[in-house]
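In: Coordinates only, no sequence provided:
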């Protein structure tokens, strides 16, 4: 790719959580248009696995994670820049219609031994970590929900986000593919991912989780060691009103 003066474009490498794919692709396209001579290369994946790759020495300029802890760990180990929160997300349940999950019964249905609950993989993917925090909060309700953590910990199917997790068919959501294949009845996922999934399969139900147990996902971004001024400009583009508008349009909450 040619730069502004006809030479090769300066490549910026951005490691980013998979839930940011659509938003960052759009923001990146605008950034390239506004920054001649710069080409963005995104590496999307489970943020925990990306953190491990960065810790092992893979080169990148920016790390955008679905939590604050992973970029903070990289910053502490490498002397990288300050971690900044740039957006937020929430958990919800994406359900096959026959699962019969509604906002009124969602917690009780999750505890039904017959209902197969899909999640992402804790430690490898923050969405999995948030799911297990949700399980703790449900159990802390007590009463009919006493013991919920142990039950959900045993029954949850860690189907995505791990090093050995299946890849989706080309151009498809892995969550939609797994639900359509009957490998789970419901998935505990980010609201933004559920909105995208419903665009692919409108029959799937997105069910909100009660506020008293839901978990907020704070997304953090950090400039990595050796990143130059153009990488700083990209981070600023995420935080700017135009970047925030893209994130909001795709279901993310203000930072």
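Out: Alright, I've got the coordinates. Note that this is a predicted model, so its numbers are computed, not measured.
In: Helices of the stretch 51-200 of the chain, start to end?
Out: Across the stretch 51-200 of the chain, reading from the start of the chain, the helices by DSSP state H, counting those that start in this stretch fall at 69-78, 106-110, 126-140, 148-155, 174-180, 191-200.
In: Of all these, which one comes closest to residue 225?
Out: Shortest separation from residue 225 across those is recorded for helix 69-78, at 5.1 Å, computed as C-beta to C-beta. (C-beta placed from N, C-alpha, C; glycine too.)
In: Can you point out the buried residues in the helix or strand of the chain with the lowest mean pLDDT?
Out: When each helix and strand of the chain is scored by mean pLDDT, DSSP states H and E, helix 69-78 comes last, with a mean of 93. Within helix 69-78, the residues that count as buried by 16 or more other C-beta atoms under 10 Å are 69-75.
In: any chance of the helices of the stretch 51-200 of the chain in CSV, with distance to residue 97 too?
Out: Putting the helices of the stretch 51-200 of the chain into CSV (distance: least, C-beta to C-beta, whole Å) gives the following:
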stretch, distance to residue 97
helix 69-78, 35
helix 106-110, 13
helix 126-140, 22
helix 148-155, 21
helix 174-180, 10
helix 191-200, 12
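In: quick one, which of those helices is nearest to residue 236?
Out: For residue 236, the closest of those is helix 69-78, at 16.3 Å, according to C-beta to C-beta.
In: Would you check how far apart residue 111 and residue 55 are?
Out: With distances taken as C-beta to C-beta, to the nearest Å, residue 111 is found 37 Å from residue 55.
In: the more surrounded of these two?
Out: In terms of neighbours (other C-beta atoms under 10 Å), residue 111 is the more surrounded of residue 111 and residue 55; the figures are 16 against 13.
In: Number of residues surrounding the residue lying closest to residue 98 once chain neighbours are set aside?
Out: On the basis of C-beta to C-beta, 6 or more residues apart in numbering, the spatially nearest residue to residue 98 that is not a chain neighbour turns out to be residue 185, at 7.8 Å. Per other C-beta under 10 Å, the neighbour tally for residue 185 reads 21.
In: care to break this protein down by domain?
Out: Each structural domain of the chain that the record assigns through automatic domain parsing is listed here as a residue range: 10-87+218-249, 90-208.
In: and those as TSV, adding distance to residue 255?
Out: Formatted as TSV, those follow (distance: least, C-beta to C-beta, whole Å):
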stretch	distance to residue 255
domain 10-87+218-249	5
domain 90-208	14
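In: rewinding a little: ok, and what's touching the least confident helix or strand of the chain?
Out: The set of residues that contact helix 69-78 without belonging to it, under C-beta atoms under 8 Å, 6 or more residues apart in numbering, is 47-48, 50-51, 54-55, 63-65, 80-83, 126, 220-222, 224-225.
In: cool, and stretch 135-143?
Out: Contacts to stretch 135-143, defined as C-beta under 8 Å, 6+ apart, come from residues 107, 110-111, 145-150, 152-153, 156, 212-215.
In: for the lengthiest strand in the chain, which positions count as buried?
Out: Taking DSSP state E as the assignment, the strand of the chain that covers the most residues is strand 84-95. By 16+ other C-beta under 10 Å, the buried positions in strand 84-95 come out as 84, 86-87, 89-95.
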